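Colleague: Give me a model of this one.
(chains A and B)
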Amino acid sequence: MGYASTIKVPFGPQHPALKEPESFIFEVEGDIVVNVTARLGYVHRGVEKAFERRTYIQNLYLAERVCGICSHAHTTCYVQAIEELLNIDPPPRAKYIRTIIAELERLHSHSLWVGVAAHEAGFDTLFMYTWRDREEVMELLEAISGNRVHYAMNTIGGVRRDMPAETFPTVKKHMDSFEKRVNEYSHIMKTEQTFLKRTTGVGILKPEDAVSTCAVGPNLRASGIKEDVRADEPYAAYGETPFQVIVHGGGDVLCRALVRIAEMTESINIIRYALDHIPDGPVRIRAPVAVPAGEAVSRVEAPRGELIHYAKSNGTIKPERYKVRAPTLANIPSLAKTLIGAHLADVPLILAGIDPCFSCMDRMVFVDQNKDKQWVWNMEELKRHAKVERN
Amino acid sequence: MSAIETAEILVFPGLLFLMVLAFFYEWIDRKFFARVQNRCGPLFAGPAGILQPFADFVKLISKEDIIPAACDKILFDATPIFYFALPLTALFLVPIATQSALVAFEGDLIFMMFIFALIVVTVFLAGWSSMNRFSIIGGVRAALQMLSYEIPLSLAMIGPALAAGSLSISTIAQWQSSHASWGLWLQPIGFGTAIVCMLAELEFVPFDIPEAETEIVAGWRTEFSGRKLALFKLGRDFELVLASALITSLFLGGAQQVGVIPPIVMFLVKTIPVILLFSFLRGIFARLRIDQMTSGMWKYLLPIAILQLLLILFGVGK
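Modeller: Numbers count the residues shown, from 1 in each chain, chains lettered A, B, ... in the order given. From the prediction side, this is the model:
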């Protein structure tokens, strides 16, 4: 084309489609996206450095706060890495409790996603309903752990609180009523024509692209690749719990929705099984404060996909190096494949399709590819920049 | 112009009454929409939040009016006034307090269609003049949307005119009430078409494409703030009143006198269910994409509208 036929549409750092600050600049030709530039790092919090400054017990609370939604997944991953370094095995009852909390967390995270996806598609009614019903799970988590978001259940060598047997019937009762709601969402998503029109064939991620861009979690499973850390490398009580890995072949946003909906049903079944088969016994064993020198990698299937924690110990009470690889970071490269060629109107749905959780994954990357240079701004420069922008 | 005529235009059923009605209908819409979604809706300003739309209006008027440096200043200033004035003008053509409208002449139905087109042109210009990428996309989408729903809407509006043998909205309404045969029963297909097109005109889900929040922020309204935004909001409320009033006049017999019940009561009784229908419909769908909307309108709605017209020509629904 001989003339400038594209306009650049910025999504973020502030945009209603993104609940967290992250910048995507779309080059749009008519209504079709021809290029996308992502810029990460708006909510970098220096968590990994903070890990190195705290003791192993203090880090438990820090790991909890890496993410506001999959807080349990992060602590599970953390304690598993440290338990491996300490060479201790938590009691079986603790493992079952970890599983129950993890699945409850998956339930509330997935129902949150269903609501967000519906909102991105302009289907606000479903959004309101899912978030209302999500409260049921949140209240259940509060009843079990004392908190709605940061459950603080995990500790090195087990869990901090036992689940009394008299709470089991309550949990089961809520699972029954929640299952009815999940079935209804499944029904709405499969039959509501406007929703189907917006999601079918949108943002297709081919299986080979999913593998080559290292996609994880429901994003990967919706492309027909059967990979789930819970099944591939069982941790907690997943080795003893029968469950299915949900896979869909289509690779579009609808499949991502259906995978998550089916996983919710699976989670409910896992919770029921775990409640029925939970062994008696202690919930924690004492762990030493200092951790012997060594390295450990721990993997957990967070609601958003495979979560990796790496710990390096030098024999003191603080880790020498700690690394968190959140699932969203692994899913970002696959976005580039799915976004190019999409309609502008489908962009929010595709972005939401990976269930992004930016603040868990942000890294400091200050590289301008166009000008091929790197720099860091201090506060004064930032202020000056703000003033120039205003005038 | 006599004092009574001036009072009619300024107070009842003119400007002041229509503003109150606009705020009231916005409250009904918001409250019912919220109840559909299992929310509370407006709650605190006035009983059951009935004053909330008015409170929003006052708040917006007192807010800072930010004008982007790059915008086309004349258009940017003028479009909010047009957007507020056009539906208001159109409302004078619809019978509200009496069986005949304040302004009624043979052919005002055509004038009404003209105003509907002008509203969308205003929207497009508003988006275009703000020089914002979201606004421009929103404005273009609004224009595209109009190109697809305007013809079915016009065809649906012509149906009752053919049945009544008049191009005056007041005459059509009077013909329906005197013959006791509403357009709804005579031409149900035309009624459905008109409702769908009005949803698109009002930019309600599933046709809120020009201001899709998660895609293009506030669409063509992104850059407007303060009293300009207040005028846009009020204009939207007038549009809501206009849409329900027009549906009432063309398909539900209009503001008719039933025994001792004055026309204004019948007008309210008939328009409120139309508002509830709009609110309900916008609660149960997801937003369509612009290409899906355009092709759907041309592929399905236009043939349906033509079918209704053919039926009338062959003597069914007349």
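Colleague: Chain A contacts on chain B?
Modeller: Within chain B, the positions near chain A by Cβ under 8 Å from any Cβ of the partner chain are B:36-39, B:133-134, B:136-137, B:205-206, B:208-209, B:212-217, B:283-292. Any C-beta I mention is one placed from the backbone N, CA and C, and that applies to glycine too.
Colleague: Spit out the contact partners of B:Glu215.
Modeller: Counting by Cβ atoms under 8 Å, 6 or more residues apart in numbering or on different chains, B:Glu215 touches A:Ala17, A:Leu344, A:Ala345, A:Val347, A:Pro348.
Colleague: Burial check on residue 247, number of neighbours?
Modeller: If you meant another chain, say so; for now it's chain A. 17 (other Cβ atoms under 10 Å in any protein chain shown).
Colleague: oops, I was thinking of chain B
Modeller: Neighbours around B:Ile247, by other Cβ under 10 Å: 25.
Colleague: again, but for A:Ser186
Modeller: 17.
Colleague: tell me which element it is part of?
Modeller: helix A:168-191 (DSSP states H and E).
Colleague: and that helix, how far out from the chain's middle?
Modeller: 21 Å (Cα atoms, centre = their mean, to the nearest Å).
Colleague: tell me what that helix is packed against?
Modeller: Other helices and strands packing on helix A:168-191, by 3 or more Cβ pairs under 8 Å, 6 or more residues apart in numbering or on different chains; DSSP states H and E, are helix A:92-120, helix A:124-145, helix A:193-199, helix A:253-277.
Colleague: Out of those helices, flag the one nearest A:Arg284.
Modeller: Checking these against A:Arg284 by Cβ to Cβ gives helix A:92-120 as the closest, at 6.0 Å.
Colleague: show me where pLDDT drops low in the chain?
Modeller: Because you didn't say which chain, this covers chain A. A:1-4, A:358-391 (pLDDT under 70).
Colleague: Switch to chain B, please.
Modeller: Looking at chain B by pLDDT under 70, you get B:1, B:317-318.
Colleague: which one in it is furthest away from the centre?
Modeller: B:Ala69 (32.0 Å; Cα atoms, centre = their mean).
Colleague: and stretch A:170-187, C-alpha only, in CSV?
Modeller: Output of stretch A:170-187 as CSV, limited to C-alpha atoms (Å, rounded to 0.1, in the frame of the first residue of the first chain):
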residue,chain,number,x,y,z
THR,A,170,-20.7,-28.1,54.5
VAL,A,171,-18.0,-28.2,51.8
LYS,A,172,-19.8,-31.1,50.1
LYS,A,173,-23.1,-29.2,50.3
HIS,A,174,-21.6,-26.1,48.7
MET,A,175,-19.9,-28.3,46.0
ASP,A,176,-23.3,-29.7,45.1
SER,A,177,-24.9,-26.3,44.7
PHE,A,178,-21.8,-24.9,42.9
GLU,A,179,-21.8,-27.8,40.5
LYS,A,180,-25.4,-26.8,39.5
ARG,A,181,-24.2,-23.3,38.7
VAL,A,182,-21.2,-24.6,36.7
ASN,A,183,-23.5,-26.8,34.7
GLU,A,184,-25.7,-23.7,33.9
TYR,A,185,-22.7,-21.7,32.8
SER,A,186,-21.6,-24.6,30.6
HIS,A,187,-25.1,-24.6,29.1
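Colleague: which residues are contacting that stretch?
Modeller: In contact with stretch A:170-187 (Cβ under 8 Å, 6+ apart) are residues A:100, A:107, A:111, A:114, A:126, A:129-130, A:133, A:136-137, A:140, A:143-144, A:258, A:261-262, A:264-265, A:268, A:271-272, A:275.
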